[in-house]
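# any chance you can model this:
(2 chains)
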Number of protein chains: 2
Amino acid sequence: MPYRAPVSEFRFLFDHVVELATVSATERFAEADAETVDAILSEAGKMSEDVLAPLQRNGDLHPAVLENGVVRTSPGYADGYKAIAEGGWVSTSADPEHGGMGLPLTVTTAVNEMMASACLSLQLNPLMTQGQIEALEHHASDEIKALYLPKLISGEWSGTMNLTEPQAGSDVGALRSKAEPNGDGTYAITGQKIYISWGDNDFTGNVCHLVLARLPDGVPGTKGISLFMVPRNIPDENGTPGVANTLKVVSLEHKLGLHGSPTAVMQYDGATGWLIGKEHGGMAAMFTMMNNARLGVGVQGIGAGEGAYQHALAYALERKQGRAAVPGGTGTILDHADVRRMLTTMKAELFAARAIALANAVALDMATATGQADWTARAALLTPITKAHGTEVGMAVSELGLQVHGGMGFIEETGAAQYARDVRVTAIYEGTNGIQSMDLVARKMMDGGEAAYRLLDEIEAGAEAARETMPDLAQPVWSAAENLRETTEWLVGQDMSDRFAGALPYLRAFARVLGAHYHLKAASAGGDTRKSLAGFYISRLLPDHAANCAHARAGAEGLYALSPEDLAVA
Amino acid sequence: MPYRAPVSEFRFLFDHVVELATVSATERFAEADAETVDAILSEAGKMSEDVLAPLQRNGDLHPAVLENGVVRTSPGYADGYKAIAEGGWVSTSADPEHGGMGLPLTVTTAVNEMMASACLSLQLNPLMTQGQIEALEHHASDEIKALYLPKLISGEWSGTMNLTEPQAGSDVGALRSKAEPNGDGTYAITGQKIYISWGDNDFTGNVCHLVLARLPDGVPGTKGISLFMVPRNIPDENGTPGVANTLKVVSLEHKLGLHGSPTAVMQYDGATGWLIGKEHGGMAAMFTMMNNARLGVGVQGIGAGEGAYQHALAYALERKQGRAAVPGGTGTILDHADVRRMLTTMKAELFAARAIALANAVALDMATATGQADWTARAALLTPITKAHGTEVGMAVSELGLQVHGGMGFIEETGAAQYARDVRVTAIYEGTNGIQSMDLVARKMMDGGEAAYRLLDEIEAGAEAARETMPDLAQPVWSAAENLRETTEWLVGQDMSDRFAGALPYLRAFARVLGAHYHLKAASAGGDTRKSLAGFYISRLLPDHAANCAHARAGAEGLYALSPEDLAVA
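Okay, the predicted model is just below:
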């Protein structure tokens, strides 16, 4: 699985589309100058190409297994992880006070994408740790920070998130895990957690579980939940992992994909935990972590898609089948219109999704650097879009990659199917895409649509500016933004049931318009190739925004007109 | 995997949407009266529910294997096959002269769908045999017919199709397999064939391979190809399978899905074959078989989708998670808007795809019964649409079914993922969906769009007729048909490169308008439930026809504007 890190693509996006310079101009991120960022991209890219990409098939063919209570990871994963940790790639954004590089999340986002392209199942490990670092930085006591952060940031230890229980998935508030005070400042955690990504491994010195549980006086629902640090081995006074905590991996799931990532059922039997944040404040702490994790998962989708794209393009450029007389023909199946359509769609979709994710990261960085509410609102608005759209693009692109391979795509040895299998979970975990869309039309519209309108103003201003030089590209973007504005106005005037009925189509329409906007920016800044790709996106893919806007406005009444019995008739 | 055969749905479609009565009114199919058809649907449905559905997981968990040159099929498959054969379900349409029931293909299509829902990998076996029966009925000598047809129709023997070679996939004309006359009327067949579905098994008395190969005087390309019957065991004078032919299964593929179906690499080493049809007339004979096989594969997509739908609906009706106050709420996740959207989309898409497939079958039956060119042209037009759209619906519906399951969808034990994995190949084999779309815009438009316009006339007339009583449903269907008509007019005026550039989007637009048409027909004939489902489809799904029409008309220039080097930039 050869992989080429799209370093020049990131540079172009940073310079001309998402304007990383705005971030570098802040005091907080002054060190992220062009030279530093270039070095990071090159090094992380090289590590992804040389070390991680060769592991991709290993994880699929030799899944992590549970042997006598111990997780044995896939061949080479320990070395791959070592390269990630030693390069400082667990989290390039972590606080320098605890050994991090303190770089913008925008840069980390690019690094994450490259690692995800190369080996998604292994990249999930540091992604989980990143979320934990973020949560601890914001909510842990100084003592916990001093003990855990240096080891998590260096990659010596890894971190997990423990939310889900069999009866509590999307409805986290239904969880039953309990926390009892031990009287010494620690808590006894008891309960079962499922779907714990990288619940254990055989290459980090400790595994640190952040576990949601309910204190004895915790009310039912999300408001009674607290967050605890529950390490696999309890650190002694020197911070060395000591006695084993009373927790265990019960089993690993047999999954559609991502076989290299052990997905554990975890059992906690009075395990010793430390409170993170306030009592009953677990959800707030989790949300800190979840927002960045949602961006991170969206980027997993894009990364997997990029891997699938490169894989399919390489195949197309080798495979000869039939003939099509086209200008600049290659004599391969790339000359055939439908193959060209698929590959160009993949490239155009990936560009758009990547731009949205990076713009989201820029907004988060600017919120961090400036504390301005506008940036916070923009980041909040973009997060569910990045997550759901990035993962949908990852799935669609991987499916197209498989299709480009024809019959070979259905044969596992080819590797095309693995991208599609691996990426599939990204639409589910970290909040299903349906949950993301509800977040977008409910919580993220509590401002009456203000953040959305501000973004639409920018999009329309961009289209206005481009109208002179590229009318064929600019006009459709402007019109689509207007349609989305009207849909947004309609949406914020409705009750929740009407909003929810069209939530995912609305999110898709929003992503489409954003994608067109960033393509237009690229076309304005770049040469003929950028214009051609933007033209492809705007003329062939953007039109579906209208269908999604129509669907978004169709309302709840028609959605619930069919009874459960009607649905069941066979 | 419980499965309920949608018998009442087929009855409704036969009676009110595709008008099977038109077929039954012909002399050729006079025996296919309502009572007979009802009995067939009920019996085949029951067999699918009781015998085949329990095998679905077996095939996935215990794939067919090759042991010492012998294919061992999945546990229970031999019994499942026996039930299919004994029920007469290998082909209910085969000629009564050789033991068939001679029923309309429309009825067979329903039977095929039910078997496909219950166990796709096993159903592929009789589907291949059906194609072979069809080819022999049309092209074989009386001697071959008398020897092979009764055993194929009864299911005592099974049939395969051998087209593909490593260098000859979509480009069949590139095949290298050779046929040399033996001087006794037989031929010696030599070559390697790949992707041979059900290349062997351990439950039929013989396996009859239809093999494409080139005679010594065969010209390069498709015009030099001939078709041969090459049985695994050469029948003796009594028709009993005797000496083993010089052919073998070299290996079985390790596939993404459909594990229960052995996909073989076949090696022919001077194997004895009998010419079917004329010398160098192999493609014509294959096309007879391929057209029906394409309908059959489209129906596989729909069948798999129906299975995935029932599976997901059952899960949704059990799973409690959060609460949503909706009219007639169930207290399950079905109350949540996005889950309801997904399941209703699945149902609405399946109805449309099924109606298209059955209308296609009706056209084929009417062509058979009347010989009228209009019916032949209609069938030819609908075939690539049924194949590509049916399989795309199968994939999309299976993906939605997986998503409805949330985290459980990614766990293989749930079974949801299997539907998505199994159905994936249907978009590839029997001509990729890209090939189908090229067929639609090229060969099927050689009439200048006449068959398409005739269908559009009917759609518009239907919308006109419904305008009075259901204006909200009728008007969008009429408008969409007009848009498709304009797009068709544009298309037939273009050269092939412009047609091919938008071929698949055009096919999707066509399927969408057809789907809306059949939903409208159902709404006109049915009660409130049919109206609600039609309303869902027309207001929420139909709008994307416009995006596809726009894409269809975007042309080749922009598609080829990006060079292969542009695509490869990273």
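
# let's verify A:Ala179: helix, strand, or coil?
Classification of A:Ala179 into helix, strand or coil gives strand, according to DSSP: H, G, I helix; E, B strand; the rest coil.

# how close does it sit to chain B?
A:Ala179 sits 23 Å away from chain B, going by C-beta to the nearest C-beta, to the nearest Å. To be clear about C-beta, it is placed using only N, CA and C from the backbone, and glycine gets the same treatment.

# neighbours around that residue, how many?
29 (other C-beta atoms under 10 Å in any protein chain shown).

# is it bridged to anything, and to what?
Note on A:Ala179: beta-bridge partners A:Ile189, judged by DSSP bridges.

# any idea how far A:Ala554 is from the most centrally placed residue in chain A?
A centroid search over chain A (C-alpha atoms, centre = their mean) returns A:Val297, at 1.7 Å, as the residue closest to the centre. Remark: distance between A:Val297 and A:Ala554 (C-beta to C-beta, to the nearest Å) = 28 Å.

# what does A:Pro54 give?
A:Pro54 sits at a distance of 48 Å from A:Ala554 (criterion: C-beta to C-beta).

# what about those two, which has more around it?
In terms of neighbours (other C-beta under 10 Å), A:Ala554 is the more surrounded of A:Pro54 and A:Ala554; the figures are 19 against 16.

# for that one, which three-state class applies?
coil.

# what's the end-to-end length of stretch A:58-76?
Criterion C-alpha to C-alpha, to the nearest Å; first-to-last residue distance in stretch A:58-76 is 8 Å.

# cool, and stretch A:250-270?
Stretch A:250-270 has an end-to-end distance of 15 Å (criterion: C-alpha to C-alpha).

# can you give me the mean pLDDT across that stretch?
On average, the pLDDT along stretch A:250-270 is 98.

# list the buried ones in that stretch?
Neighbour-count burial for stretch A:250-270, with 16 or more other C-beta atoms under 10 Å in any protein chain shown as criterion, is recorded at A:252-253, A:255-268.

# cool, stretch A:178-186 as well?
For stretch A:178-186, a neighbour-count test (16+ other C-beta under 10 Å) marks A:Lys178, A:Ala179, A:Thr186 as buried.

# distance to B:Gly431 and pLDDT added to these, as TSV?
Shown next, in TSV, are these (distance: C-beta to C-beta, whole Å; pLDDT from 0 to 100):
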residue	distance to B:Gly431	pLDDT
A:Lys178	59	98
A:Ala179	60	98
A:Thr186	65	98
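
# so is stretch A:537-549 next to chain B?
Yes - if you take C-beta under 8 Å from any C-beta of the partner chain as the test, stretch A:537-549 does meet chain B, through A:Ser539, A:Arg540, A:Leu541, A:Pro543, A:Asp544, A:Ala546, A:Ala547.

# most surrounded residue in these?
That'd be A:Arg540 among those, by other C-beta under 10 Å, with 26 neighbours.

# for that residue, what are its contacts?
Taking C-beta atoms under 8 Å, 6 or more residues apart in numbering or on different chains, we find A:Arg540 in contact with A:Thr345, B:Pro505, B:Ala550, B:His551, B:Ala554, B:Gly558.

# try it again at 7 Å.
Contact criterion C-beta atoms under 7 Å, 6 or more residues apart in numbering or on different chains gives B:His551, B:Ala554 as the residues in contact with A:Arg540.

# which SS class is it?
Reducing the assignment at A:Arg540 to three states with three-state DSSP gives helix.

# once you drop chain neighbours, what's closest to A:Thr26?
Nearest residue to A:Thr26, sequence neighbours excluded (C-beta to C-beta, 6 or more residues apart in numbering or on different chains): A:Ala369, at 3.7 Å.

# so the one you found makes contact with A:Arg28?
Yes - in terms of C-beta atoms under 7 Å, A:Ala369 counts as a neighbour of A:Arg28; the distance is 3.9 Å.

# more neighbours: those two, which one.
The neighbour comparison of A:Ala369 against A:Arg28 (other C-beta under 10 Å) goes to A:Ala369, with 19 against 16.

# distance of that one relative to A:Thr22?
The separation that A:Ala369 has from A:Thr22, given C-beta to C-beta, amounts to 9 Å.

# cool, and A:Gly555?
For A:Gly555, the distance to A:Thr22 (C-beta to C-beta) stands at 39 Å.

# what does A:Glu318 give?
To A:Thr22, A:Glu318 is 42 Å away according to C-beta to C-beta.

# so for those two, which residue has more residues nearby?
Counting neighbours by other C-beta under 10 Å for A:Glu318 and for A:Thr22 shows that A:Thr22 has the greater number, 16 against 11.

# what's the helix or strand for the more buried one?
Here A:Thr22, judged by DSSP states H and E, is contained in helix A:20-24.

# which strand in chain A runs the most residues?
strand A:263-276 (DSSP state E).

# so after it, what's the next helix or strand?
Strand A:263-276 is succeeded, C-terminally, by helix A:282-316 (DSSP H and E).

# now the angle between strand A:263-276 and that following helix, please.
140 degrees (axes from the mean of the first three to the mean of the last three C-alpha atoms, to 10 degrees).

# so for helix A:282-316, what gets flagged as buried?
Residues of helix A:282-316 classed as buried under the neighbour-count rule (16+ other C-beta under 10 Å) are A:282-283, A:285-286, A:288-313, A:315-316.

# before we move on, what about stretch A:217-227?
Of the residues in stretch A:217-227, those buried under the neighbour-count criterion (16+ other C-beta under 10 Å) are A:Gly218, A:Thr222, A:Gly224, A:Ile225, A:Ser226, A:Leu227.

# go on, stretch A:448-458?
Neighbour-count burial for stretch A:448-458 flags A:Gly449, A:Ala451, A:Ala452, A:Leu455, A:Leu456 (criterion: 16+ other C-beta under 10 Å).

# rebuild the residues you listed as TSV, extending it with pLDDT, distance to B:Met438 and secondary structure.
TSV is the format used below for these (pLDDT from 0 to 100; distance: C-beta to C-beta, whole Å; DSSP: H, G, I helix; E, B strand; the rest coil):
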residue	pLDDT	distance to B:Met438	secondary structure
A:Gly449	98	44	coil
A:Ala451	98	45	helix
A:Ala452	98	41	helix
A:Leu455	98	40	helix
A:Leu456	98	39	helix
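
# including distance to chain B, could the residues you listed go into CSV?
Rendered in CSV, the data for these read as follows (distance: C-beta to the nearest C-beta, whole Å):
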residue, distance to chain B
A:Gly449, 19
A:Ala451, 22
A:Ala452, 20
A:Leu455, 22
A:Leu456, 20
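
# much appreciated, bye for now.
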